[in-house]
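K.L.:
Here you go, sequence then predicted model.
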Amino acid sequence: MVKSFVSAALISMSSLALVACGGGNKAENLAVEEVAGGVNPYLWRASLDTMSFLPLQDADPLGGVINYDWKTYEDMPDDRIRATVYILDTRLRADGLSVQVSRQSRQNGEWVDSPVDPGTGPQFENQILNRARQLRVSELD
């Protein structure tokens, strides 16, 4: 059950990431340039792009934190996930990013915390890093 739910989320994320990866363009470059603060602008933009399948709750570009709200899927209405992305560095580095994923299941009408596959956060991190690299390369073109 957990793997199915996470798989559905990853499929949604991958589909959106592929749509977003249509190559470098001026709008992408401008979006990256508009980010100011202490975080890497490519990681910031890539996080917003990659995690766009979740509803955005709030974002702090100066602190490097993006909070996403709960999302349920039609095929699994008794499970939901949310995520928080932490951008920890000004450099485009793998250790400059952390994604924390939470999952809840409905039991007797109440939402209770459920385990998340330990590989889920790193999978999201890899997708974000790939997108950030694409944004960086598109700027060089």
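P.N.:
The structure has been received and is ready for your questions.
K.L.:
Which residues does stretch 61-74 contact?
P.N.:
5, 8-9, 35-39, 44, 47-48, 51, 53-60, 79-88, 104 (C-beta atoms under 8 Å, 6 or more residues apart in numbering). The way it works is simple: take the backbone N, C-alpha and C, and place the C-beta from them, glycine included.
K.L.:
If we use 7 Å, what do you get?
P.N.:
8, 35-39, 44, 47-48, 51, 54-59, 79-88 (C-beta atoms under 7 Å, 6 or more residues apart in numbering).
K.L.:
of these, buried ones?
P.N.:
Neighbour counting with 16 or more other C-beta atoms under 10 Å marks 8, 35, 39, 44, 47-48, 51, 54, 79-88 as buried within those.
K.L.:
Tell me where this protein has helices.
P.N.:
2-20, 26-33, 41-50, 120-140 (DSSP state H).
K.L.:
avg pLDDT for the third one?
P.N.:
Okay, so that is helix 41-50. If you average the pLDDT over helix 41-50, you get 95.
K.L.:
residues contacting S102?
P.N.:
I81, R82, V116.
K.L.:
so what's the second one closest to, chain neighbours aside?
P.N.:
Of all residues not flanking R82 in the chain, W70 sits nearest, at 4.8 Å (C-beta to C-beta, 6 or more residues apart in numbering).
K.L.:
What's the local residue count around that neighbour?
P.N.:
Look at W70: counted by other C-beta atoms under 10 Å, it has 15 neighbours.
K.L.:
can you pull the pLDDT of it?
P.N.:
Looking at W70, the pLDDT reads 98.
K.L.:
Repeat that for the one 5 residues further on.
P.N.:
Reported pLDDT at D75 in the predicted model: 95.
K.L.:
circling back: let's see which of the buried ones among the contacts of stretch 61-74 end up in strands.
P.N.:
D79, R80, I81, R82, A83, T84, V85, Y86, I87 (DSSP state E).
K.L.:
For D95, see how far away the second one is.
P.N.:
Pointing back at R80 there. 29 Å (C-beta to C-beta, to the nearest Å).
K.L.:
Which strand residues bridge S105?
P.N.:
Beta-bridge partners for S105, by DSSP bridges, are D79, V112.
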